[in-house]
Every structure is written in C-alpha cells, then in structure tokens.
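>>> any chance you could fold what I've pasted below:
(one chain, ligands or ions: 1)
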Amino acid sequence: MKITIVGTGYVGLVTGTCFAEVGIEVVCVDIDAKKIENLKNGISPIYEPGLDDMIARNFEKGRLHFSTELPSSVNDADVIFIAVGTPPDEDGSADLKYVLDVSKTIGRFIEKYTLVVTKSTVPVGTAKKVRQAIQEELNIRNAEIEFDVASNPEFLKEGDAINDFMKPDRIVVGVESGKAEEIMTRLYKPFTLNGHPVIFMDVPSAEMTKYAANSMLATKISFMNDIANVCEIVGADVNMVRKGIGSDSRIGTKFIYPGIGYGGSCFPKDVKALIKTADSVGYSMRILKAVEDVNDDQKSVLVNKFLNHFNGNVRGKTVGLWGLSFKPQTDDMREAPAIIIIEKLLAAGCKVKAYDPVAMHESKRKIGDSIVYSADPYEAIMDTDAQFLLTEWTEFRYPNWYVIKKLVKNPVVFDGRNIYDRKELEQLGFDYYCIGVNTGKK
Ligand SMILES: NC(=O)c1ccc[n+]([C@@H]2O[C@H](COP(=O)([O-])OP(=O)(O)OC[C@H]3O[C@@H](n4cnc5c(N)ncnc54)[C@H](O)[C@@H]3O)[C@@H](O)[C@H]2O)c1
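All right, here's what the predicted structure looks like:
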C-alpha cells in the first residue's frame with residue numbers, strides 16, 4: 001500500500017515516519033520547500049524524542065520520501081492523509097482553508113480510487129466539505145473516479161509522540177463505506193497486533209471525539225487550577241488534595257496537576273473551536289467557556305505573586321526563567337504560558353533572562369531578542385532578583401540550591417509547577433511561592 005501524508009508538521013511527520021517504520025511506502029508532502037529540503041538532508045523541523053533516528057532509518061531504506069509535489073504524490077497514492085494545520089480563525093472557529101485547499105488539489109489530480117483521510121483536527125461536518133471540494137474538481141475534469149473520505153483524528157502527545165503512535169490507547173476511525181473500513185483496518189493492523197483497538201464509528205462522531213477528548217483534558221486542568229486557587233485562600237495544600245483525589249480510580253492521577261495554565265497547539269484552539277461549533281448551532285458550552293476563563297487568568301498567577309512580593313516595585317528588576325516550551329520534551333511554543341508571562345514581565349519594566357533545553361531557537365523565532373537567552377540554567381539566574389520555574393524539564397528537578405543562592409542577587413523562587421520542596425528552600429533562606437499552597441507569604 002502507498003500512502004501520502006499532506007502536511008509534514010508535528011502530526012504529519014510522526015504519522016508518515018511511523019507508517020514507514022512498519023514497512024509501508026510513504027510520501028510526506030509539504031508546501032514549505034525549506035522544511036522538505038532539510039528533511040532530505042536529515043534535519044528534522046521539530047524536536048521529538050526518537051524521531052530523528054526513525055526518519056533517517058526509513059529514509060535510507062527508501063520507504064520514506066519527502067516532496068513538495070502534491071500532484072504527483074496524489075495520483076500515485078492508495079490513501080491520502082490530510083495533516084495540515086487548522087489554526088483558529090478570527091472568531092475562534094477552526095480555519096479549514098488549508099484542509100480545503102489540499103482537498104481541491106486531490107480532486108484535480110487523483111486518477112484511481114483513493115481513500116482520503118482527515119487526520120487534522122476538524123469540526124463536525126468537515127468530511128462533507130472535503131468530499132464536496134474533491135467532487136467539484138472531479139466534475140470540472142469530467143472524471144468519474146470513486147473515492148471515500150474518512151476521519152482519523154490523531155491523539156499523539158508531543159514529547160511522546162512516537163510511543164503514542166506505535167502503541168496507541170486507541171485508534172478512532174470514522175468511515176462511510178465498508179471499503180474504507182477494510183483499508184483502514186489493513187493499514188493499522190501492524191499497530192493493533194498487541195491489542196490496541198481500532199474503534200470504528202460514523203464520521204461526525206469521529207470528528208467530535210477529538211474535540212471532546214481535548215476539551216475533557218483541558219477541563220481537568222482548569223478544574224484543578226480553580227481548586228488550587230481556593231486552596232491558597234482557605235489554607236489547604238493542593239498537592240495533598242491532588243494525591244487525595246487522584247487515588248480515586250474514577251478520577252485518576254493524570255491531568256490534575258495545578259500550574260500556570262494549559263498551552264500548546266491543541267487545547268487552546270480546540271476548546272475555542274468546540275465552543276464556536278456549539279454556538280453556531282445555538283448551544284452554549286458553559287463549562288468550556290469557564291475552562292477558558294480560568295486558563296486565561298491562570299497564566300497571570302505567577303506574575304501576580306511576583307508583583308505582590310515586591311509590592312509592585314518591579315521596574316528594573318531582573319527575572320530568570322527556567323523553561324519556555326509549553327511542556328517538557330518539546331520545542332513547541334505555540335500558546336505557551338511563558339509567552340504571556342514574558343509579555344507581562346517586560347510590560348512591568350523587568351529584564352528577562354531565560355534558559356530552555358530545546359525551545360530557545362523557537363522562542364527567538366517567536367519573540368525575538370526581547371529577552372536574554374542563556375547558555376545554561378545557572379547562567380539564566382545569575383544576578384537575578386527573582387527565579388521562575390515555568391516548564392518542568394527533568395534537568396530542572398534537582399538543582400544545586402547552594403550554588404544558586406550564591407549566584408542570585410535576591411533568592412526568591414516562583415515555582416509554576418510545584419516541583420520544589422518548600423521546607424528545603426526556606427531553610428536555605430529562599431522565599432518560595434508555588435501554586436495552590438498558602439506559603440504564608442503575601
Ligand atoms: N501538534 C499536536 O500535538 C497535534 C496532536 C493531534 C492533532 N493535531 C492536529 O493536527 C493538525 C496538524 O497539526 P501540527 O501540529 O502537525 O501542525 P504544523 O503546523 O506543525 O504542521 C502543518 C504543516 O502543514 C503544512 N501545510 C499547510 N498547507 C499545506 C498544503 N496546502 N500542502 C502541503 N502542506 C501544507 C505546513 O507547511 C506545515 O508544515 C492540526 O489540525 C492539529 O490540531 C496536532
């Protein structure tokens with residue numbers, strides 16, 4: 001079977017590489033010529049653990065190809081996955097421009113039966129629009145070519161994407177025909193041999209499943225942040241509360257860590273898009289609107305603690321930041337809380353120094369040289385008035401506080417991920433703030 005993946009980003013590149021890994025011939029197509037050129041030279045556009053080796057291996061074996069030529073890649077494929085971006089439109093709904101552009105090209109160039117699969121996160125009804133866009137182009141060509149459209153939303157997590165793809169909790173596939181179901185069953189067989197299930201359903205349900213999954217996870221995070229904020233006021237410790245509720249198997253331990261708000265390329269835009277979809281059919285998603293509200297406020301929590309600590313007198317202070325990416329193990333800074341925190345610190349007249357193990361190039365691309373980038377974590381906090389932990393990378397988990405105490409101008413730690421030991425830090429003479437614990441400070 002030959003497959004073409006259109007869009008070679010976080011999802012398309014991982015999907016294409018993992019399919020090639022199990023022996024399928026894959027072409028990854030992108031309009032970004034530089035990205036494709038780099039990939040041909042073994043340079044991956046993203047940081048994803050294990051991906052570089054897998055790309056190199058499959059490229060060398062001749063199973064994984066990279067191209068900017070959509071027409072030739074389309075007419076040769078048995079299955080075409082659409083994995084282009086679906087960024088938020090001005091009103092928050094998913095912008096389907098890229099998905100529909102690709103669909104038109106598919107309609108212009110397919111020569112035989114093709115299964116077209118949307119892997120991008122798209123609202124209910126998109127498969128219908130994809131079908132229509134392809135059919136219109138076929139009509140212009142007077143071509144009678146059979147095709148199917150299926151929905152196969154992706155659930156990979158950046159930072160653990162290969163594992164998620166190779167050993168998925170589940171694969172969700174929405175189909176309209178027995179033929180499409182049979183092809184998708186064959187395609188995913190190598191990934192399901194160990195019992196990982198493919199759940200077949202109708203197309204609208206598959207499209208909705210992705211939004212419901214991300215919205216549920218975002219809800220857990222905002223719920224816990226809300227609980228954390230009340231804990232602080234009433235004198236409870238959210239770390240204890242988290243353990244207490246997480247041991248209930250109905251609740252579970254995952255996604256109940258309080259912090260500085262969710263970010264990334266998916267949760268913020270998918271929550272927005274689902275709210276918009278519901279609004280457009282006259283239904284208000286009250287819970288999700290509150291989830292967004294809590295999340296927006298949560299990105300300010302750490303800066304507010306910092307302002308309070310210095311009684312608002314922060315102009316000219318230097319702040320050292322550890323972590324820029326929206327979570328560990330990725331260089332993705334889309335909607336990262338760090339961006340908002342940096343904006344607020346700069347607006348308050350502070351100087352910002354930062355270190356991140358992999359996201360500094362991405363940060364430079366996004367916010368330029370408005371902050372100072374440091375070569376290592378200790379350099380980033382040298383001579384600082386305050387130290388912020390924003391992303392819980394492993395290398396930040398066990399710092400040498402004795403060294404830090406000597407390096408900083410003023411020892412005060414704002415722990416946005418609750419990973420440090422308050423008692424230890426206070427004994428060493430640090431002021432310590434975290435999320436959801438009343439540390440007795442202002
Ligand atoms: N990033 C994630 O963790 C994740 C997880 C699950 C689902 N998704 C969804 O998958 C989709 C893709 O996300 P991503 O993070 O991989 O995006 P991305 O921005 O990393 O990649 C999209 C790629 O598509 C390319 N592209 C755009 N128009 C094109 C065209 N006409 N022809 C060929 N290539 C084109 C872009 O150049 C880019 O390289 C989105 O809908 C997203 O919501 C993302």
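
>>> what is whichever helix or strand residue 341 is part of packed up against?
Using DSSP states H and E, residue 341 falls within helix 337-347. Where contact means 3 or more C-beta pairs under 8 Å, 6 or more residues apart in numbering; DSSP states H and E, helix 337-347 is packed against helix 301-309, strand 318-322, strand 351-355, helix 360-367. From N, CA and C alone the C-beta is placed, and that goes for glycine too.

>>> cutoff 7 Å now
Other elements packing on helix 337-347 under the criterion 3 or more C-beta pairs under 7 Å, 6 or more residues apart in numbering; DSSP states H and E are helix 301-309, strand 351-355, helix 360-367.

>>> chain center to the longest one: distance?
Its chain's average C-alpha position is 27 Å from that of helix 301-309, according to C-alpha atoms, centre = their mean, to the nearest Å.

>>> same check, this time on the shortest one
A distance of 24 Å separates the C-alpha centroid of strand 351-355 from that of its chain, computed with C-alpha atoms, centre = their mean.

>>> ok, stretch 274-285 next?
Relative to its chain's centre, stretch 274-285 lies at 23 Å (C-alpha atoms, centre = their mean).

>>> thought residue 149 was touching residue 131?
Yes: in this structure, residue 149 is within contact of residue 131 by C-beta atoms under 7 Å, at 4.7 Å.

>>> higher neighbour count, the two?
Taking other C-beta atoms under 10 Å, residue 149 and residue 131 do not tie; residue 149 has more neighbours (28 against 18).

>>> now for this structure, the helix or strand with the poorest mean pLDDT.
Least confident helix or strand, the chain: helix 70-75 with a mean of 92, by mean pLDDT, DSSP states H and E.

>>> hmm, back to that, of the helices and strands packed on helix 337-347, which is nearest the ligand?
Of all the helices and strands packed on helix 337-347, the one in closest proximity to the ligand, counting by C-beta to the nearest ligand atom, is helix 360-367 (11.6 Å).

>>> what comes up buried for the closest one?
Neighbour counts over helix 360-367 (16 or more other C-beta atoms under 10 Å) mark 360, 362, 363, 367 as buried.

>>> from those, which is closest to residue 215?
Taking C-beta to C-beta as the measure, residue 215 lies nearest residue 362 of these, at 26.0 Å.

>>> how about the residues of the protein by the ligand?
Applying C-beta under 6 Å from any ligand atom, one finds that the chain approaches the ligand through 6-12, 29-32, 35, 70, 83-86, 98, 101-102, 120-121, 154, 156, 158, 265-266.

>>> these, buried ones only, as a PyMOL selection?
Entered in PyMOL, the line below selects the buried ones among those, by 16+ other C-beta under 10 Å:
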select buried, resi 6+7+8+9+10+11+12+29+30+35+70+83+84+85+86+98+101+102+120+121+154+156+158+265+266
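
>>> which one of the helices and strands packed on helix 337-347 lies nearest to residue 189?
helix 360-367 (36.2 Å).

>>> can you tell me what sits against the helix holding residue 341?
By C-beta atoms under 7 Å, 6 or more residues apart in numbering, the residues outside helix 337-347 that reach it are 260-261, 263, 299-300, 302-303, 319, 321, 323-324, 326, 333, 352, 366-367, 370-371, 390.

>>> which residue ranges of the stretch 201-350 of the chain form helices?
Applying DSSP state H, counting those that start in this stretch to the stretch 201-350 of the chain gives helices spanning 203-234, 238-246, 267-280, 286-298, 301-309, 337-347.

>>> just put the ones you listed in TSV and tack on distance to residue 185.
Below are these laid out as TSV (distance: least, C-beta to C-beta, whole Å):
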stretch	distance to residue 185
helix 203-234	15
helix 238-246	36
helix 267-280	27
helix 286-298	34
helix 301-309	47
helix 337-347	41
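
>>> can I get those helices in TSV with mean pLDDT and mean neighbour count?
Formatted as TSV, those follow (pLDDT from 0 to 100; neighbours: other C-beta atoms under 10 Å):
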stretch	mean pLDDT	mean neighbour count
helix 203-234	98	19
helix 238-246	98	16
helix 267-280	96	21
helix 286-298	98	17
helix 301-309	98	20
helix 337-347	98	20
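
>>> what's the pLDDT at the residue in the chain that the ligand sits nearest to?
As assessed by C-beta to the nearest ligand atom, the ligand sits closest to residue 9 within the chain, at 1.8 Å. In this model, residue 9 is scored at 96, pLDDT.
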